[in-house]
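> Return a 3D structure for these sequence lines:
(one chain, ligands or ions: 1)
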Amino acid sequence: MSEKYLYSNDKSQPPKINVLMAFPGIYSFGMASLGFLNVFKMIDTIEGVYAERVFTDSKTTVVHSKDVDVIGFSMSFELDFMSIFKILEKFKIPFKAADRDENAPLIYGGGPVLSSNPEPYAEFFDLISLGDGCGAVQPIFEFIRDNRDLPKKELLKKLDEKFDFVYIPSLKTEKTVVKCNKAELPNCLATTILSEESFFSNTYVVEIERGCPKKCKFCQTSYLNHPVRYLDYDKIIASLDFGLKHTNKIALLGAAICAHPNIDDICGYIIKRVDEGENIEMSVSSLRADCVSPKTVEALVKCGQKSTTIAVEAGSERLRKHINKDLSDEAVFKAIDTITQNGINNIKVYMMIGLPTETKEDILAIVELGKEIKKKHKTLDLTFSFSSFIPKAHTPFETEEHEDIKGLEKKYAYLQKELTKIGVKIRCSSPKWDFWQAVLSVGGRELSDFLIGVYENGGNLGAFKSVWSDCVKIGKFKDEGNLSLKKVKVNSPDVWKFIKIYN
Ligand code: SF4
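Numbering: from 1, shown residues only. The predicted structure is shown next:
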């Protein structure tokens, strides 16, 4: 592997604990994950801790799980549980915490999926850290290092007492668990290890803001990361300067980078360096349609980007208003004008179907929107990329229903036909996979055995369906009213209500 560490760690002293930080996926994806890389760095730089990364397709120097004190996972997607099982199986570690003995490593979890609704996975973890990892990871691992000789049960109890953002599923006390959510981003979160084989090869990624003030009612990112925090301009520039000493590829990351109060200055700084002769390649996460600036697009074009993405979500203004998107058609057209006039002729538009209150008119409005855009920009390479609405815990839409698979498939077939006719390319999510994602996003602990069964039966769609039927037959699910093969809707979301979002 061709890697370059962008930090130093003093490992002259023998370690007191050994930690494996596992990414639930392959190496190239893990090395592109800013969250994973930064959690690893936080652990790797603690005195007395030896840390190593592991991926589903990589080897480690660790031969036996008894040589490891903690294995950590960060869950970003509901279906990550399959990779977690794969890694646990590799080390012959029982999946459920209750089946693991004193010698087994502690299994630690974090990340957005577990912060939102840890319950379907709760039985697999000894401890879960809720919310931002920034202020949480180091104190937790220092505490484990300093108390490593305690029996496992006692250590977990102490962790539960000491940190309000640590959730110990085996204890599940009455206590409310709050997220560790710092009011300010302490420092720039940026790439810590450059890798040639990363999905974003040798790219230095800088998170310039976290959260989003728009609070669209379906958006987990906005609600889990509230309040929105923007990193200081000076810190961003210092970080970019540092990154550009090691690579010429940079990326700006954030839920809404265009909303950063200094985005034009940041882009202006990059443009100046390019104009002075530097070869810089820059990319950004998707742009918020209501605040795309000519400067941002100019910077992207000067840095070689040929396409960009905006999120529109719904076809009609009515539905956009209902989901709190608050984005007029005029604003969408203006954003597309700004992007095309400044040199980008390939635009991807994020759309959702199955949103609460969606009607036939809203679906027709998606096609109308495509027509209007194509009428104004005949040569524009335009793609509508669709996903279906999935209810997420801690959002205002958490108790809304996920539309049934047949309904979604019908809508996709219609959109495919109509949009293709007018020259708009279309990408659609899989309604079947979306369904299982919805089950996991609102389900509870009753899903533990189901998930193990799915993994043991190959983890494909067929396995999900047949294991589900088996579980229903033997009465595994107590309340099939919430989750059935036809409908995913939580009537009383008590399963995650013991987690309070701390603002
Ligand atoms: S604008 Fe985007 S990031 Fe912001 S709340 Fe809405 S969906 Fe989430």
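> what ranges do the helices span in the stretch 401-503 of the chain?
For the stretch 401-503 of the chain, applying DSSP state H, counting those that start in this stretch gives helices covering 405-421, 431-442, 448-456, 461-473.
> Distance to the ligand added to those, as CSV?
For every residue, glycine as well, the C-beta is placed using N, CA and C. CSV is the format used below for those (distance: least, CB to the nearest ligand atom, whole Å):
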stretch, distance to the ligand
helix 405-421, 20
helix 431-442, 16
helix 448-456, 28
helix 461-473, 27
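> how about the nearest residue to P261, chain neighbours excluded?
Y230 (6.2 Å; CB to CB, 6 or more residues apart in numbering).
> in the sheet, who's paired with the closest residue in space to A190 that isn't next to it in sequence?
Among residues not flanking A190 along the chain, V206 sits closest, at 4.6 Å (CB to CB, 6+ apart). On the basis of DSSP bridges, V206 is bridged to A190, L252.
> V206 contacts I257, doesn't it?
No - here V206 does not reach I257: they are 10.0 Å apart, not a contact under CB atoms under 8 Å.
> which intervals of the stretch 1-150 of the chain have sub-threshold pLDDT?
Where the stretch 1-150 of the chain drops to pLDDT under 70, the residues are 1, 61-64.
> Do a quick rundown of the strands in it.
For the stretch 1-150 of the chain, applying DSSP state E, counting those that start in this stretch gives strands covering 3-5, 17-22, 49-54, 70-74, 106-110, 127-129.
> following the helix or strand containing I266, which helix or strand shows up next?
Per DSSP states H and E, I266 falls inside helix 263-275. Following helix 263-275 in sequence order, the next helix or strand is strand 281-284 (DSSP H and E).
> Pull up the pairing partners for the helix or strand following that following strand, direction included.
Following strand 281-284 in sequence order, the next helix or strand is strand 287-288 (DSSP H and E). Strand 287-288 has the following strand partners under DSSP bridges: strand 308-313 (parallel).
> Now the helix or strand following the partner strand: buried residues?
Once strand 308-313 ends, the next helix or strand along the chain (criterion: DSSP H and E) is helix 317-322. Neighbour-count burial for helix 317-322 flags 317, 319-320, 322 (criterion: 16 or more other CB atoms under 10 Å).
> out of the strands of the stretch 1-150 of the chain, nearest to the ligand?
Of all those, it is strand 70-74 that lies closest to the ligand, at 20.1 Å by CB to the nearest ligand atom.
> packing partners for that closest one?
In terms of contacts (3 or more CB pairs under 8 Å, 6 or more residues apart in numbering; DSSP states H and E), strand 70-74 is packed against strand 17-22, helix 34-44, helix 81-90, strand 106-110.
> Ranking those by mean neighbour count, which comes first?
Of all those, strand 106-110 carries the top mean neighbour count, a mean of 25, counting by mean count of other CB atoms under 10 Å.
> and it with strand 70-74, angle?
20 degrees (axes from the mean of the first three to the mean of the last three CA atoms, to 10 degrees).
> Name the residue of the stretch 51-200 of the chain with the shortest distance to the ligand.
For the stretch 51-200 of the chain, CB to the nearest ligand atom, closest residue to the ligand: P112, 12.6 Å.
> which ones are touching that residue?
75-76, 220-221, 224 (CB atoms under 8 Å, 6 or more residues apart in numbering).
> Out of the residues you listed, which two sit at the greatest distance?
Farthest pair in the contacts of P112 (CB to CB) is M75 and T221. Separation: 14.8 Å.
> Among these two, which residue is more densely surrounded?
Per other CB atoms under 10 Å, whichever of M75 and T221 has more neighbours is M75, with 23 against 17.
> So that one is in contact with V113, correct?
Yes - the pair M75 / V113 is scored as a contact, 4.0 Å apart, by CB under 8 Å.
> if we look at the ligand, which of the contacts of P112 are close to it?
Contacts with the ligand are made by T221 out of the contacts of P112, judged by CB under 6 Å from any ligand atom.
> And the contacts of P112, which is closest to T383?
Closest approach between those and T383, by CB to CB: T221, at 22.1 Å.
> neighbours of the closest residue to the closest one other than its chain neighbours, just the number please.
Leaving aside its sequence neighbours, T221 sits nearest to A255 (CB to CB, 6+ apart; 4.8 Å). Residues lying near A255 (other CB under 10 Å) number 21.
> dump the residue contacts of A255.
Counted by CB under 8 Å, 6+ apart, A255 has contacts 209-212, 221-222, 225, 285.
> Report the buried members of those.
Among the contacts of A255, those buried by neighbour count (16+ other CB under 10 Å) are 209-212, 221-222, 225.
> Can you tell me which of these end up in strands?
Taking DSSP state E, the ones among the buried ones among the contacts of A255 that sit in strands are 209-210.
> can the buried ones among the contacts of A255 go into a markdown table with extra columns for pLDDT?
Formatted as a markdown table, the buried ones among the contacts of A255 follow (pLDDT from 0 to 100):
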| residue | pLDDT |
| --- | --- |
| E209 | 90 |
| R210 | 88 |
| G211 | 85 |
| C212 | 87 |
| T221 | 86 |
| S222 | 86 |
| N225 | 82 |
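> mind checking how far the residue of the chain positioned farthest from its centre is from Y269?
Going by CA atoms, centre = their mean, the residue of the chain most distant from its centre is E276, 36.3 Å out. Per CB to CB, to the nearest Å, E276 is found 11 Å from Y269.
> now do I128
From I128 to Y269 the distance is 39 Å (CB to CB).
> mind checking pLDDT for I499?
What the model reports as pLDDT for I499 is 51.
> Show me what from the stretch 201-350 of the chain comes close to the ligand.
Residues of the stretch 201-350 of the chain that fall close to the ligand, judged by CB under 6 Å from any ligand atom: 212, 214-216, 219, 221-222, 255-256, 288, 311.
> And the residue of the stretch 251-400 of the chain closest to the ligand?
At 3.8 Å from the ligand, A255 is the closest residue in the stretch 251-400 of the chain, using CB to the nearest ligand atom.
> check contacts around the spatially closest residue to S222 that is not a sequence neighbour.
Leaving aside its chain neighbours, S222 sits nearest to C212 (4.5 Å; criterion: CB to CB, 6+ apart). Residues near C212 by CB under 8 Å, 6+ apart: 219, 221-222, 225, 228, 255-256, 259, 288.
> got it, and K348?
With CB under 8 Å, 6+ apart, K348 has these contacts: 307-310, 383-385.
> With neighbour count and pLDDT as added columns, please give those residues in CSV.
As requested, those are exported to CSV (neighbours: other CB atoms under 10 Å; pLDDT from 0 to 100):
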residue, neighbour count, pLDDT
S307, 14, 95
T308, 20, 94
T309, 16, 94
I310, 20, 94
T383, 16, 98
F384, 24, 98
S385, 17, 98
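> okay, the residues you listed in TSV with distance to G443 next?
Below are those laid out as TSV (distance: CB to CB, whole Å):
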residue	distance to G443
S307	37
T308	36
T309	30
I310	32
T383	32
F384	30
S385	27
